[in-house]
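Participant: Here is the input, now give the coordinates:
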Amino acid sequence: MVTGTLSQAAETDTIDSREIAAKRAMLDDPRPMPDYVKEFLSPEEYAFYSFDPEAAKALMAEAVGFKAPDVVGKIAPEITPGKYTHNDKGNKPGLKALMIPFMYENLFRPAGPPLGATFSEFTVVPTWQYNFGKRYLEATIKNSGQVKVDAQGFMDWKGYKGGLLFPKPSGTDRQKAMQVLYNWLYMYWGADSSTLTLTNKSWDKNFRVMTTMKGASLAIYPGGRVQQQPLGWLDERAQQLGQFKYTLLNYLEPRDMYGTSVMIEDRMDPEAANAFYMYTSLLRRVRKMTGSDVQEVSVGGNVTYDDGGGFHRKLSATQFPYEYKILDDREYLVPEAMTPGATFFITSKDLELKNLKMVRRPLYVFELIQQDSTYIYRRTILYFDKEAFNLYLVENYDQKDRLYRAHYLLPCFDPKTGMWAPSMYTPNYDLRMKQTGIGFQTLSIPQNYTRDQFNLGALGGSVK
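Facilitator: Modelled structure (predicted):
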């Protein structure tokens with residue numbers, strides 16, 4: 001339960017992670033998606049965070065300059081709302097034209113090894129507008145154009161005061177691609193501070209369980225604050241260092257990792273590396289992770305720390321620099337963003353997606369070509385939503401240009417509060433070993449955290 005006033009952050013204990021996790025399991029849970037924010041906040045607190053979704057949609061259209069339903073429907077118009085199965089692949093070529101190739105070729109089929117998180121059928125629904133929180137959109141409109149980029153696309157973050165950084169990406173292809181990536185990397189997902197729970201699980205090519213991880217995550221935004229005082233920057237330190245977000249992950253499972261914590265400090269300065277710290281419960285020591293550490297696979301999946309949340313890499317001219325290209329700008333048929341009440345679930349037996357809904361969305365397709373051969377990936381292809389800037393699919397190619405890892409994101413958000421879980425479900429793959437991982441995180445629940453929960457001395461002491 002959030003304590004303190006709504007206008008001023010106050011020290012608080014986080015909600016017991018077991019209470020959050022009990023609301024929905026990662027597998028075999030067909031219950032309607034919980035309304036996490038409404039269920040865990042008091043009526044007064046919920047009233048503070050909620051708003052009229054239609055008012056937010058009007059602000060969304062003003063901020064980004066269009067409405068998604070107005071810019072789709074041109075490709076394969078014969079694919080109309082309704083149910084489709086894998087048997088339609090032979091007589092409805094429009095499905096292939098509309099779907100992301102990796103998903104159409106590898107995942108749209110009957111369930112079974114070697115890859116999981118497949119789907120044999122889905123329902124196409126009409127395109128609708130996505131939206132962020134009302135206060136975030138008001139800050140976006142008010143501060144639009146205040147953050148500039150140079151000829152190479154790198155931003156001058158010191159002009160940032162809150163809101164979406166680049167609601168209308170513009171400039172060269174490189175500049176536009178980088179602006180969308182900045183939107184993703186420095187996105188505000190609905191509350192100045194919040195908590196959620198997460199589960200990661202992985203299987204081999206025969207669907208035998210390999211690893212399981214469960215954890216609780218806390219987050220605070222020292223930058224871009226739009227709900228609680230102080231607005232904008234949390235303090236002078238945050239503004240001077242460009243501290244945008246702190247994330248603290250506490251491991252609850254496996255047993256030998258209980259009490260281990262990872263803290264990530266995201267900085268907006270292109271040449272200031274994000275800081276990763278790990279507290280190991282067995283050694284009772286805090287260690288700062290290096291550039292090679294964040295290229296290692298995290299527990300319970302086939303994603304590195306740099307892949308965390310879909311894409312978590314620094315855009316830098318000196319630290320693993322990229323060449324940026326726009327490969328496409330068009331509509332695709334992708335998983336619909338779930339909302340409270342959704343009945344989507346995944347089976348444990350066949351790792352099959354059930355009650356999946358797909359929707360036409362306008363997307364950018366980017367290619368990032370790594371200029372440093374010591375990095376784990378030679379190039380990466382990303383599919384981004386043009387309206388909400390959420391990420392749908394990532395393909396990572398190794399230094400020999402073989403598809404190495406891929407993952408796709410099934411988002412969830414609450415239109416009444418603007419709380420987003422951009423990667424509520426994240427199926428992920430090691431294509432060399434034919435391994436499948438699935439990540440699951442709940443919707444974030446607003447809290448009143450301070451810096452006290454996000455310092456090195458607190459690592460390992462907040463597991464609950």
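
Participant: List the contacts of the closest residue to S373 other than its chain neighbours.
Facilitator: Excluding its sequence neighbours, the residue lying closest to S373 (Cβ to Cβ, 6 or more residues apart in numbering) is Q399, at 6.2 Å. Where you see a C-beta, it was placed from the backbone N, CA and C, and this is true even at glycine. By Cβ atoms under 8 Å, 6 or more residues apart in numbering, the residues touching Q399 are S373, Y377, R378.

Participant: Quick check: of those residues, which has the highest neighbour count?
Facilitator: Within those, most neighbours by other Cβ atoms under 10 Å means Y377, with 22 neighbours.

Participant: Distance of that one relative to Q371?
Facilitator: Separation of Y377 from Q371 (Cβ to Cβ, to the nearest Å): 12 Å.

Participant: what about the closest residue to L164 other than its chain neighbours, how many residues close to it?
Facilitator: With Cβ to Cβ, 6+ apart as the criterion, L164 has its nearest non-adjacent residue at 4.3 Å, and that residue is T140. Using other Cβ under 10 Å, T140 is surrounded by 23 other residues.

Participant: Quick check: I141 is in a helix.
Facilitator: Yes. Membership of I141 in a helix is supported by DSSP: H, G, I helix; E, B strand; the rest coil.

Participant: for it, what are its contacts?
Facilitator: Contacts of I141 by Cβ under 8 Å, 6+ apart are L59, E62, A63, G163.

Participant: which residues does the last one contact?
Facilitator: Contacts here follow Cβ under 8 Å, 6+ apart; on that basis G163 touches Y136, L137, E138, A139, T140, I141, K142, N143, S144, Y188, G224, V226.

Participant: just those: which has the poorest pLDDT?
Facilitator: Taken together, the contacts of G163 show their lowest pLDDT at S144, with 92.

Participant: Tell me which helix or strand in the chain has the weakest average pLDDT.
Facilitator: Ranked by mean pLDDT, DSSP states H and E, the helix or strand of the chain with the weakest confidence is strand 285-288, at a mean of 78.

Participant: quick revisit: now the contacts of I141: which count as buried?
Facilitator: L59, A63, G163 (16 or more other Cβ atoms under 10 Å).

Participant: Which member of those residues is positioned nearest G73?
Facilitator: A63 (22.6 Å; Cβ to Cβ).

Participant: Point out where the stretch 101-250 of the chain drops to low pLDDT.
Facilitator: Scanning the stretch 101-250 of the chain for pLDDT under 70 picks out nothing.

Participant: Columns distance to K354 on top of the contacts of G163, output as CSV?
Facilitator: Converted to CSV, the contacts of G163 look like this (distance: Cβ to Cβ, whole Å):
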residue, distance to K354
Y136, 33
L137, 33
E138, 38
A139, 38
T140, 36
I141, 39
K142, 43
N143, 42
S144, 41
Y188, 32
G224, 37
V226, 36
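
Participant: pLDDT value on T436, please?
Facilitator: In this prediction T436 is given a pLDDT of 97.

Participant: before we move on, what about V64?
Facilitator: Model confidence at V64, given as pLDDT, is 98.

Participant: again, but for the one 4 residues further on
Facilitator: According to the per-residue confidence, A68 scores 98 in pLDDT.

Participant: Just to check, it is in contact with T127?
Facilitator: Yes. With contact defined as Cβ atoms under 8 Å, A68 reaches T127; the gap is 5.4 Å.

Participant: now the end-to-end length of stretch 220-238.
Facilitator: Stretch 220-238 has an end-to-end distance of 12 Å (Cα to Cα, to the nearest Å).

Participant: Equivalent analysis for stretch 92-107, please.
Facilitator: Start-to-end span of stretch 92-107 (Cα to Cα) is 17 Å.

Participant: swap in stretch 346-358?
Facilitator: Start-to-end span of stretch 346-358 (Cα to Cα) is 15 Å.

Participant: What about F366, how many residues nearby?
Facilitator: Neighbour count of F366, defined by other Cβ under 10 Å: 24.

Participant: quick revisit: now, the contacts of Q399 that are in helices?
Facilitator: Among these, no member is found in helices (DSSP state H).

Participant: quick one, helices of the stretch 201-350 of the chain?
Facilitator: 236-241 (DSSP state H, counting those that start in this stretch).

Participant: do the stretch 1-150 of the chain as well
Facilitator: Counting by DSSP H, counting those that start in this stretch, the helices of the stretch 1-150 of the chain are 17-21, 36-40, 43-49, 53-64, 93-98, 101-106, 134-143.

Participant: Of the ones you listed, which is nearest M257?
Facilitator: Of all the helices of the stretch 1-150 of the chain, helix 17-21 comes closest under Cβ to Cβ, at 14.8 Å.

Participant: List the buried residues of the closest one.
Facilitator: Judged by neighbour count using 16+ other Cβ under 10 Å, the buried positions of helix 17-21 are S17, I20, A21.

Participant: OK, contacts around the residue of the chain most remote from its centre?
Facilitator: Distance to the chain centre peaks in the chain at N91, reaching 34.6 Å (criterion: Cα atoms, centre = their mean). By Cβ under 8 Å, 6+ apart, N91 lies in contact with nothing.

Participant: That one and T85: what is the separation?
Facilitator: Using Cβ to Cβ, one gets 11 Å for the distance from N91 to T85.

Participant: go on, M257?
Facilitator: From M257 to T85 the distance is 41 Å (Cβ to Cβ).

Participant: try I369
Facilitator: Shown here: I369 relative to T85, a distance of 37 Å by Cβ to Cβ.

Participant: So, low pLDDT: which residues of the stretch 301-450 of the chain?
Facilitator: The low-confidence ranges in the stretch 301-450 of the chain, as defined by pLDDT under 70, are 301-302.
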